[in-house]
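Enquirer: Test case, fold it:
(4 chains)
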2 protein chains.
Amino acid sequence: MGTIENLGQARIERRIERRPLHEEVIDQLRDRIVQGELAPSTRLNERVLCEQLGISRTPLREAIKMLATEGLVELLPNRGAIVTPLKAANIADTLAVMGALESLAGELACANANEAAIAEIRALHFEMLAHHARGDLAGYFKFNQLIHLRIIEASGNQVLTNTYRQLNANVRRARYMANLSQERWDAAVREHEEILSALAARDAARLKRLLAEHLAHKVASVMAALEQSAAAAA
Amino acid sequence: MGTIENLGQARIERRIERRPLHEEVIDQLRDRIVQGELAPSTRLNERVLCEQLGISRTPLREAIKMLATEGLVELLPNRGAIVTPLKAANIADTLAVMGALESLAGELACANANEAAIAEIRALHFEMLAHHARGDLAGYFKFNQLIHLRIIEASGNQVLTNTYRQLNANVRRARYMANLSQERWDAAVREHEEILSALAARDAARLKRLLAEHLAHKVASVMAALEQSAAAAA
DNA sequence: ACCTCCAATTTTGCATTCAAAACCGGATGT
DNA sequence: ACATCCGGTTTTGAATGCAAAATTGGAGGT
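Expert: Next comes the predicted model:
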């Protein structure tokens, strides 16, 4: 180990940590895809994206390859890449897997979550209520997502969290299509109340059931929206 | 070599679509990592790997980025990449997630699997028995893996299959460490018998329970081996 | 001997270049 | 009119080049 205290090097560590370009790029593209700004089936033209991002093709191509293994992008050999089309079957499969993960997360969270984490989830819940009260759908969605992610994280299983987050990115693209009725919205908020209370009580069985029901409703809503948009496209 | 035959060969060869280099490379590297030929924490030197694979750095770097999002490789900014170290905690987390996926797969497989798929799994089971009878551990492992994968695939959920396969790659790296006792090996074979019979009977509840127990044994065996190797390294 | 500093070398990050495949649009033949 | 062929253009795939960061090895100081 040697001397830990550096003599003349009392200088403050430079906080300016330059992120690799491919990381910057992948975040940018992932956001654009999830936001729908890059719509499903859109062709990713390397030249155009390079100009928009102000970088060369090398880091862009690296980012695209990474997005492909995340499943947000599809590689067509010799023909570039497209934003993965939204297929109802694929979304249904993804949601089924996410359900299994949520169930496991609920169980683990009841066993492992510390009170601070639960308190934070409760705080986020109230923030979500505020947006719901104001009828602010975008804000509601944001905190909704955050709450689900925090419950997953409360499991303490890092692999579970990463897997869930990755699958979730794919599903989030479909969320704008799901035009929530006021009734369904209100019901979802009530479901969240119950989920929170089950977690606080560390009632794993009840939490798992509630998460499963909540997800089932989400599946129904998303699938309905997808069917509708598919019908409109045809 | 007749001219006509050669022409024919050339035409056929030309029709075989050349895979992108990064795909070739990612498969090569993934195999080497899973086989343990590239051991955990090994530094990936681009120049060396380029020479070994006979390619330039561009496709190699693309492949490394993809392996990083698969979790088999860790990127150290400005310092290249290393094979992801085997951490007991990470493997335990991964196995927990795989357990949840197997459980879901068992349920879906009982509902969706066609008889041909089950017959194929049974055939693989007998091949596995043959290797077990001969005491051929490597051959046994191969068919063991294949059977588990086929059960997952029998779910009919593509996302589930992909997710499972990806997580599995990480765990397979640890399998050589798990020095199976003959008793445990025999027990594992018996468990497989039961799993197969539950699937054939489409008894979802029993199948889920058996898969969970089977996995629990695997977890115990892998974790014991990891603890042991960690102790040896210290 | 140990630590620190510094130049030389290596290695990575990114840009650029070159080659091959796909795409486009008009001319040609049926 | 329609399909197809062909040349040029665009776009992707892969190699190479160049600059910045990290590593190495050794000289000098304590």
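Enquirer: how about the residues of chain A near chain B?
Expert: Residues of chain A lying close to chain B (C-beta under 8 Å from any C-beta of the partner chain) are A:19-20, A:22, A:58, A:61-62, A:65-66, A:68-71, A:75, A:77, A:90, A:93-94, A:96-97, A:99-101, A:103-104, A:108, A:157-160, A:162-163, A:167. C-betas here are computed from N, CA, C, even on glycine.
Enquirer: Now the buried members of those residues.
Expert: Neighbour-count burial (16 or more other C-beta atoms under 10 Å in any protein chain shown) applied to the residues of chain A next to chain B gives A:22, A:61-62, A:65-66, A:68-71, A:75, A:90, A:93-94, A:96-97, A:99-101, A:103-104, A:108, A:157, A:159-160, A:163, A:167.
Enquirer: picking that back up, taking the residues of chain A next to chain B one by one, which sit in helices?
Expert: Within those, residues falling in helices by DSSP state H are A:22, A:58, A:61-62, A:65-66, A:68-70, A:90, A:93-94, A:96-97, A:99-101, A:103-104, A:108, A:158-160, A:162-163, A:167.
Enquirer: near DNA strand D, from these?
Expert: When C-beta under 7 Å from any atom of the strand is applied, the members of these adjacent to DNA strand D are A:T58, A:R61.
Enquirer: Now do the helices in chain A.
Expert: A:21-35, A:46-53, A:57-70, A:88-112, A:115-134, A:137-153, A:158-172, A:182-200, A:204-233.
Enquirer: quick one: is the shortest one near DNA strand C?
Expert: No - applying C-beta under 7 Å from any atom of the strand, one finds helix A:46-53 out of contact with DNA strand C, separated by at least 7.8 Å.
Enquirer: Pull up the residues of chain A that are close to DNA strand D.
Expert: Counting by C-beta under 7 Å from any atom of the strand, the positions of chain A adjacent to DNA strand D are A:18, A:43-47, A:57-58, A:61, A:75, A:77-80.
Enquirer: just those residues: which has the poorest pLDDT?
Expert: Lowest in pLDDT among the residues of chain A next to DNA strand D is A:R18, which has 78.
Enquirer: OK, contacts around that one?
Expert: Going by C-beta atoms under 8 Å, 6 or more residues apart in numbering or on different chains, A:R18 touches no other residue.
Enquirer: so what's A:R206 up against?
Expert: If you count contacts by C-beta under 8 Å, 6+ apart, then A:R206 has A:A198 around it.
Enquirer: if I look at it, how far off is DNA strand C?
Expert: Relative to DNA strand C, A:R206 is positioned 47 Å away (criterion: C-beta to the nearest atom of the strand, to the nearest Å).
Enquirer: How about A:F141?
Expert: Between A:F141 and DNA strand C the computed distance is 32 Å (C-beta to the nearest atom of the strand).
Enquirer: That residue: what's its closest spatial neighbour, skipping adjacent residues?
Expert: A:R175 (6.5 Å; C-beta to C-beta, 6 or more residues apart in numbering or on different chains).
Enquirer: go on, A:A169?
Expert: A:V34 (5.6 Å).
Enquirer: The one you found: neighbouring residues, count only.
Expert: 17 (other C-beta atoms under 10 Å in any protein chain shown).
Enquirer: mind listing what it touches?
Expert: Taking C-beta under 8 Å, 6+ apart, we find A:V34 in contact with A:L72, A:A169, A:R172, A:R173.
Enquirer: so where is chain A shaky, pLDDT-wise?
Expert: A:1-17, A:177-178, A:230-234 (pLDDT under 70).
Enquirer: Identify the residue nearest A:L160 in space, chain neighbours excluded?
Expert: Spatial nearest neighbour of A:L160, chain neighbours left out: B:V97 (5.2 Å); criterion: C-beta to C-beta, 6+ apart.
Enquirer: What sits closest to A:A216 if chain neighbours are left out?
Expert: A:G99 (7.9 Å).
Enquirer: I'd say that neighbour and A:L215 touch.
Expert: Yes - between A:G99 and A:L215 a contact is recorded at 4.7 Å, counting by C-beta atoms under 8 Å.
Enquirer: Relative to chain B, which of the residues of chain A next to DNA strand D is nearest.
Expert: The shortest approach to chain B among the residues of chain A next to DNA strand D belongs to A:P77, at 5.4 Å (C-beta to the nearest C-beta).
Enquirer: Just list the residues touching the nearest residue to that closest one once chain neighbours are set aside, thanks.
Expert: Nearest residue to A:P77, sequence neighbours excluded (C-beta to C-beta, 6+ apart): B:P20, at 5.4 Å. Counting by C-beta under 8 Å, 6+ apart, B:P20 makes contact with A:L75, A:P77, B:P59.
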